[in-house]
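Visitor: 3D, please:
(one chain, ligands or ions: 1)
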Amino acid sequence: MAEPFDLSGKVALVTGASSGIGQATAQLLGLRGARVAVAARNAARGLETVESIRAVGGTATLIEADMEVAADIETMVEAVLEQFGRLDIAFNNAGITGRAAPFHEQDLDDWGEVIMTNLTSVFLCMKHEIAAMLRSGGGVIVNNCSGAGVMAAPGLPHYTAAKHGVLGLTKAAAKEYAAQGIRVNAICPGFIETPQLSRFLEDPEVRAAAVSGIPAGVMGQPDDIARAVAFLCSGEAAYISGDTMFVDGAVMCR
Ligand SMILES: NC(=O)c1ccc[n+]([C@@H]2O[C@H](COP(=O)([O-])OP(=O)(O)OC[C@H]3O[C@@H](n4cnc5c(N)ncnc54)[C@H](O)[C@@H]3O)[C@@H](O)[C@H]2O)c1
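Guide: Below you'll find the predicted structure:
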């Protein structure tokens with residue numbers, strides 16, 4: 001009998017896999033037996049993820065793709081099918097926080113960049129991933145969202161709107177494709193120590209204030225998210241779809 005959480009034989013695509021949560025998740029999916037398509041904008045950093053998966057006996061390949069470019073997203077999914085013949089798992093993870101500023105000082109360029117990278121790209125990824133999964137009889141999609149998907153992040157109206165939208169896309173697709181064997185869920189990470197968060201936490205006082213708001217008393221690590229994604233992608237989660245999973249040390253339950 002297969003081990004619980006075993007992903008042998010599966011083909012997984014991870015976007016934004018050159019760093020942080022995406023890198024940790026690509027590595028864990030590889031460790032669980034999936035063949036991993038490492039999608040990254042930065043080829044050199046993406047290759048580091050590929051090499052780390054191969055170093056422990058896994059199978060991985062690099063696909064260069066910029067989530068701000070619609071054509072790249074279509075080509076990315078085509079490349080997975082060309083190289084591995086199918087797509088079973090997709091973790092739509094790439095994202096940016098955007099420039100923080102009071103709402104009335106935000107500009108259209110920042111809005112456009114964050115909405116394209118964090119929301120429109122997820123729509124396009126899902127569109128092409130679902131088409132691929134339908135051809136092989138099903139699959140699993142996990143979208144990386146945020147606490148900002150359900151609660152406002154002051155100074156980041158673009159990020160808040162984009163992440164709320166990601167939950168909408170998740171639920172829309174989960175309902176539409178449930179009968180065709182495609183499960184779609186979202187993860188909402190809390191404070192996870194990655195390059196994206198670190199730049200906000202350089203000041204020890206800011207860091208202490210952030211930690212004091214976490215009931216668990218510690219920041220999360222990329223692996224905490226990776227394990228949750230791997231669970232949602234496994235057969236253990238076979239009846240879970242349309243769900244939003246908070247992985248945040250209890251931040252959002254107050
Ligand atoms: N770290 C946290 O505390 C936290 C909390 C909530 C949600 N998230 C979400 O987790 C996801 C991953 O963030 P992270 O914390 O690992 O940060 P990170 O900066 O380490 O990783 C983000 C990844 O997205 C990639 N990326 C950004 N724009 C891209 C583009 N146009 N094309 C292709 N790739 C692009 C980056 O290159 C990087 O690999 C994001 O969607 C973020 O919103 C993070």
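Visitor: report the contact partners of the residue of the stretch 51-200 of the chain found nearest the ligand.
Guide: Proximity of the stretch 51-200 of the chain to the ligand (C-beta to the nearest ligand atom) peaks at G95, 2.3 Å away. All C-beta spots, glycine's among them, are computed from the backbone N, C-alpha and C. With contact set as C-beta atoms under 8 Å, 6 or more residues apart in numbering, G95 has these partners: G16, T117, N118, N144, Q196.
Visitor: ditto for L232
Guide: V140, V142, R183, N185, I187, I240, M245.
Visitor: what average pLDDT does the longest strand anywhere in the chain get?
Guide: In the chain, ranked by residue count with DSSP state E as the criterion, the top strand is strand 182-189. Mean pLDDT, computed over strand 182-189, is 99.
Visitor: which parts of it are buried?
Guide: I182, R183, V184, N185, A186, I187, C188, P189 (16 or more other C-beta atoms under 10 Å).
Visitor: could you identify the most distant pair in these?
Guide: I182 and P189 (23.0 Å; C-beta to C-beta).
Visitor: for stretch 84-104, buried residues please.
Guide: Buried residues in stretch 84-104 (16+ other C-beta under 10 Å): 84, 86-99.
Visitor: just the ones of those in strands?
Guide: I89, A90, F91, N92.
Visitor: quickly find the element holding the closest residue in space to A216 that isn't next to it in sequence.
Guide: Nearest non-adjacent residue to A216, counting by C-beta to C-beta, 6 or more residues apart in numbering: G249, 2.9 Å away. Under the criterion DSSP states H and E, no helix or strand holds G249.
Visitor: how many neighbours does G249 have?
Guide: Using other C-beta atoms under 10 Å, the number of residues around G249 comes to 20.
Visitor: do the top helix by length along the chain and the ligand meet at all?
Guide: For the chain, the helix with the greatest residue count under DSSP state H is helix 157-177. No: judged by C-beta under 6 Å from any ligand atom, helix 157-177 and the ligand are separated, with a smallest distance of 7.0 Å.
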